[in-house]
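Trainee: This is the structure alone, sequence omitted:
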Ligand code: F6P
């Protein structure tokens, strides 16, 4: 078969292992693999390159994606879907593997309904996709954020300060929650819970009295009392980093407490670098499964991890609704806010 593969949306560690999984498994079937560059822009504009063993042999530990990526939405472009369908035909692509988050897989699901043989592979550092227990990229990003929090602890302790760390995660608080629990933060603010700054400061006063410093992790999507409009991408998502949530929370702490406070944003640093072993293994496993799904004609589905098994899950399940932090996870977090 001739199979196309693309990576769309924000890059994250684990994409290259997934591409490697696709190409290695395709070799078992004597398939030809064509890589589309820059997400959905690739099939829209026929940006292709052929992928063989040599092109993926050494990428297991590389961050980012060798296929490049973009946040192109073909349904926001005139005749975008029609152009993709026509180009796939022209190139003789019999099946397309789309590796991405809810936006990329949302496009995949719509194209499937228009007759394209699509298989999805979920990825996102936000870990907010439904239909899968984890997405690759998340483990590496949280590891980087925890490392950042450990470093901030040194400065906070030495200067007797409160330090606020802003992390990504878009509309879900998984990155903040895992960073806070695994990094031992004193308070964590998430999009899933309306912040009560008085309760937070009261708690920080207690922590500061006990240890001489305190650490706060705040998710970029946390609700603010006043929210300014910001730019949106082709999928209509706000560019959250421009909201300055970490800085805002630090300013509230400064205003309510007489303790020196600083804020830090790690931004895209948490999306780069070599994938952790967890993300490498998840990446290769779902990449391999995606090719198997092409051969068993399980289109309109994605290769996801469910109860530690890689399964074919309908794309509609993944793109219908974001997977937000649930109450049992919030309960676990609260155990550690003492
Ligand atoms: O979806 C992944 C993510 O890193 C979000 O956590 C963040 O809000 C967004 O992408 C940032 O997007 P960009 O890289 O386009 O600035």
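Mentor: Arrived safely, thanks for sending. Everything numeric here is computed off the predicted structure, so don't read it as measured data.
Trainee: three-state assignment of the residue lying closest to residue 307 once chain neighbours are set aside?
Mentor: Closest residue to residue 307 apart from its sequence neighbours, by C-beta to C-beta, 6 or more residues apart in numbering: residue 133 at 7.1 Å. In short, each C-beta sits where N, CA and C put it, glycine included. Put simply, residue 133 is coil when judged by DSSP: H, G, I helix; E, B strand; the rest coil.
Trainee: burial measure for residue 133, as a count.
Mentor: By other C-beta atoms under 10 Å, 14 other residues sit near residue 133.
Trainee: Quick one: residues contacting it.
Mentor: Applying C-beta atoms under 8 Å, 6 or more residues apart in numbering to residue 133 gives the contacts 304, 305, 306, 307, 308.
Trainee: With distance to residue 6, secondary structure and neighbour count added, can I get the residues you listed in TSV?
Mentor: Listed next are these as TSV, based on distance: C-beta to C-beta, whole Å; DSSP: H, G, I helix; E, B strand; the rest coil; neighbours: other C-beta atoms under 10 Å:
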residue	distance to residue 6	secondary structure	neighbour count
304	18	strand	27
305	21	strand	20
306	24	strand	13
307	28	coil	6
308	27	coil	7
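Trainee: Return the member of those nearest to the ligand.
Mentor: If you rank the contacts of residue 133 by distance to the ligand using C-beta to the nearest ligand atom, residue 304 comes first, at 17.5 Å.
Trainee: before we move on, back to that, so how far is residue 140 from the residue nearest to residue 307?
Mentor: Distance, residue 133 to residue 140, by C-beta to C-beta, to the nearest Å: 16 Å.
Trainee: try residue 266
Mentor: Distance from residue 266 to residue 140, by C-beta to C-beta: 13 Å.
Trainee: Please say which of the two ends up with more neighbours.
Mentor: Between residue 266 and residue 140, counting by other C-beta under 10 Å, residue 140 is the more crowded of the two (25 against 20).
Trainee: Next, the more buried one: secondary structure please.
Mentor: Three-state assignment for residue 140 (three-state DSSP): helix.
Trainee: now the strands for the chain?
Mentor: 2-7, 32-36, 48-51, 95-100, 118-122, 162-167, 187-189, 214-219, 261-265, 301-306, 309-314 (DSSP state E).
Trainee: can you list those in JSON lines and add mean pLDDT and distance to the ligand?
Mentor: Formatted as JSON lines, the strands of the chain follow (pLDDT from 0 to 100; distance: least, C-beta to the nearest ligand atom, whole Å):
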{"stretch": "strand 2-7", "mean pLDDT": "98", "distance to the ligand": "13"}
{"stretch": "strand 32-36", "mean pLDDT": "98", "distance to the ligand": "19"}
{"stretch": "strand 48-51", "mean pLDDT": "98", "distance to the ligand": "23"}
{"stretch": "strand 95-100", "mean pLDDT": "98", "distance to the ligand": "10"}
{"stretch": "strand 118-122", "mean pLDDT": "98", "distance to the ligand": "12"}
{"stretch": "strand 162-167", "mean pLDDT": "98", "distance to the ligand": "8"}
{"stretch": "strand 187-189", "mean pLDDT": "98", "distance to the ligand": "15"}
{"stretch": "strand 214-219", "mean pLDDT": "98", "distance to the ligand": "9"}
{"stretch": "strand 261-265", "mean pLDDT": "98", "distance to the ligand": "12"}
{"stretch": "strand 301-306", "mean pLDDT": "98", "distance to the ligand": "17"}
{"stretch": "strand 309-314", "mean pLDDT": "98", "distance to the ligand": "20"}
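Trainee: in the chain, what secondary structure element scores lowest on mean pLDDT?
Mentor: Of all regular secondary-structure elements in the chain, judged by mean pLDDT, DSSP states H and E, the least confident is helix 315-319 with a mean of 94.
Trainee: So which other helices or strands are in contact with that helix?
Mentor: For helix 315-319, the elements it packs on are helix 102-113, strand 118-122, strand 301-306, judged by 3 or more C-beta pairs under 8 Å, 6 or more residues apart in numbering; DSSP states H and E.
Trainee: Give me the distance between that helix and the centre of its chain.
Mentor: Centroid separation for helix 315-319 versus its chain: 16 Å, with C-alpha atoms, centre = their mean, to the nearest Å.
Trainee: How about stretch 248-264?
Mentor: 29 Å.
Trainee: and what of stretch 183-198?
Mentor: 20 Å.
Trainee: which of the residues in it are buried?
Mentor: By neighbour count with 16 or more other C-beta atoms under 10 Å, stretch 183-198 contains the buried residues 183, 185, 186, 187, 188, 189, 190, 191, 192, 195.
Trainee: What of stretch 15-29?
Mentor: 15, 16, 17, 18, 19, 20, 21, 22, 23, 24, 25, 26.
Trainee: Stretch 326-333 now?
Mentor: Across stretch 326-333, burial judged by 16+ other C-beta under 10 Å covers 329, 333.
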